[in-house]
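Trainee: Return a 3D structure for these sequence lines:
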Amino acid sequence: MRIAVDARPLARSTAGIGRYTDSLVSKLVPQGGTWYLYTDRPLLKDYSHLGDVVVRLPEQRRFPGALRAQTDFVGWAKTDAIDVFWSPRHHLPVFLPRKVKKLVTIHDLVWVRHPGSMKKMGWLLEFLLMPVSLLLADRIVSVSEFTASEMKKVLRVPAAKIEIIPLAPYDFDEGAQSGDNPVGIANKAYFLFVGTPEPRKNLGRLLEAFSNLLKGLDTSPALCIVGGHGWGGEETSDLVREFGLEKDVVLPGHVSDFELDQLYQHAMALVMPSLYEGFGLPILEAMRHGVPVITGNCSAMPEVAGDGALLVDPLSVVEIEAAMSKLYSEPAVRAELSENALAQARKFSWQFTADRTLTQIKQLASQVITA
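Mentor: Modelled structure (predicted):
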């Protein structure tokens, strides 16, 4: 088999799709075939020691990555005589040869459901490229039952084209599995939020709920918000000042994998009251450590969280506050949810995800070989 991958997520230090692509490529490459990693900039890791890997990189970066994918990737696919092209990030090169079988992974339909929560260029690319990619794809991987239902209902994608293959907790380095909290709050109970601050992450209501919680407590927990700079009006430091929480909220910004793993381990609970998630990877990353979760009762979050979470209406500050109060003041509830969280996290594994994905790739490749 000769498989090409849109490897741009492997060239950027982002969570989410980057972790998904890294986890799968790391497990797929050793299982055989020649893997062509197409990118617009150098990859952050070397995968050549895992198997037969060829990295294609343009000699000069004169055009944006989105344009590169629609031009260079097509030319490389022809030169490399690719059997299957897999995009882990919503979009396929539109002009790939017809004989190349096409697989695309869809993580969410944010651009349809919450367009105002996206940057304009990101929304435009989704609007232009996702519908045609779904039409051209021979198979579509959906990361959740919810996202599959969204595609069928909103974009009229035939159910027969969709394969539901969930994500799993990210495999942090072994050296990051123990130790003290690296951001200086290990000796204080704290709630944790993980994600890029943007409107659909609902940080405004979370901070309002946390502010209300502190007013009724003698001893106060902290809230640690992990994520880069916000956009769409969601600059976290401004929101913190607005609620007068400078002494109670820790803002480490973007952190390393080691630091993030430590933050998960020491957290009292993860709070993720998003308005919309196609999956919600931080939920599983927290649950892997037996950390209870407070999350929204909508989209894919209940599906991922199972019995390891308290579900809240993300539009209700009162419900978010009540859930935080319950977990802070009732150790027995935390202990029960912790056990449930560990059990729920064990239902997901990257090996399962990789095996199911490879099955789809092999089935598509066999259609090329027998044609």
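
Trainee: how about low-confidence regions in the chain?
Mentor: Residue ranges of the chain with pLDDT under 70: 14, 61-65, 173-184, 186, 229-234, 369-371.

Trainee: Tell me where the stretch 151-300 of the chain has helices.
Mentor: In the stretch 151-300 of the chain, the helices defined using DSSP state H, counting those that start in this stretch lie at 203-215, 236-242, 257-266, 281-287.

Trainee: Buried by neighbour count: which residues of the second one qualify?
Mentor: Applying a neighbour-count criterion of 16 or more other C-beta atoms under 10 Å, the buried positions in helix 236-242 are 236, 239-240. For every residue, glycine as well, the C-beta is placed using N, CA and C.

Trainee: what helix or strand does Trp131 sit in?
Mentor: One correction, residue 131 is Pro, not Trp. Applying DSSP states H and E as the criterion places Pro131 in helix 120-136.

Trainee: what helices or strands is that helix leaning on?
Mentor: For helix 120-136, the helices and strands in contact under the criterion 3 or more C-beta pairs under 8 Å, 6 or more residues apart in numbering; DSSP states H and E are strand 101-106, helix 110-113.

Trainee: What lies in contact with that helix?
Mentor: 66, 87, 90-92, 94, 96, 102, 104, 106, 110-111, 115, 118, 140, 151, 155, 157, 161 (C-beta atoms under 8 Å, 6 or more residues apart in numbering).

Trainee: Give me the angle between it and strand 101-106.
Mentor: 140 degrees (axes from the mean of the first three to the mean of the last three C-alpha atoms, to 10 degrees).

Trainee: Okay, buried residues for helix 120-136 please.
Mentor: 123, 125-126, 129-130, 133-134.

Trainee: hmm, back to that, quick check: which of the helices and strands packed on helix 120-136 is nearest to Glu285?
Mentor: strand 101-106 (18.9 Å; C-beta to C-beta).

Trainee: and the buried residues of helix 236-242 as CSV, adding distance to His254?
Mentor: Output for the buried residues of helix 236-242, formatted as CSV (distance: C-beta to C-beta, whole Å):
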residue, distance to His254
Thr236, 12
Leu239, 17
Val240, 17
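
Trainee: nearest to Thr219, of those?
Mentor: The closest of these to Thr219 turns out to be Val240 (C-beta to C-beta; 20.2 Å).

Trainee: Restricting to C-alpha, output the one helix or strand Val54 maps to in PDB.
Mentor: Here Val54, judged by DSSP H and E, is contained in strand 52-56. Output of strand 52-56 as PDB, limited to C-alpha atoms (Å, rounded to 0.1, in the frame of the first residue of the first chain):
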ATOM      1  CA  ASP A  52       8.700   3.200   5.600                       C
ATOM      2  CA  VAL A  53       8.100   6.900   5.700                       C
ATOM      3  CA  VAL A  54       8.600   9.600   3.100                       C
ATOM      4  CA  VAL A  55       8.100  13.300   4.000                       C
ATOM      5  CA  ARG A  56       7.200  15.600   1.200                       C
END
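
Trainee: contact partners of that strand?
Mentor: So strand 52-56 is contacted by 7, 29, 32-39, 43, 47-48, 72, 76, 80 (C-beta under 8 Å, 6+ apart).
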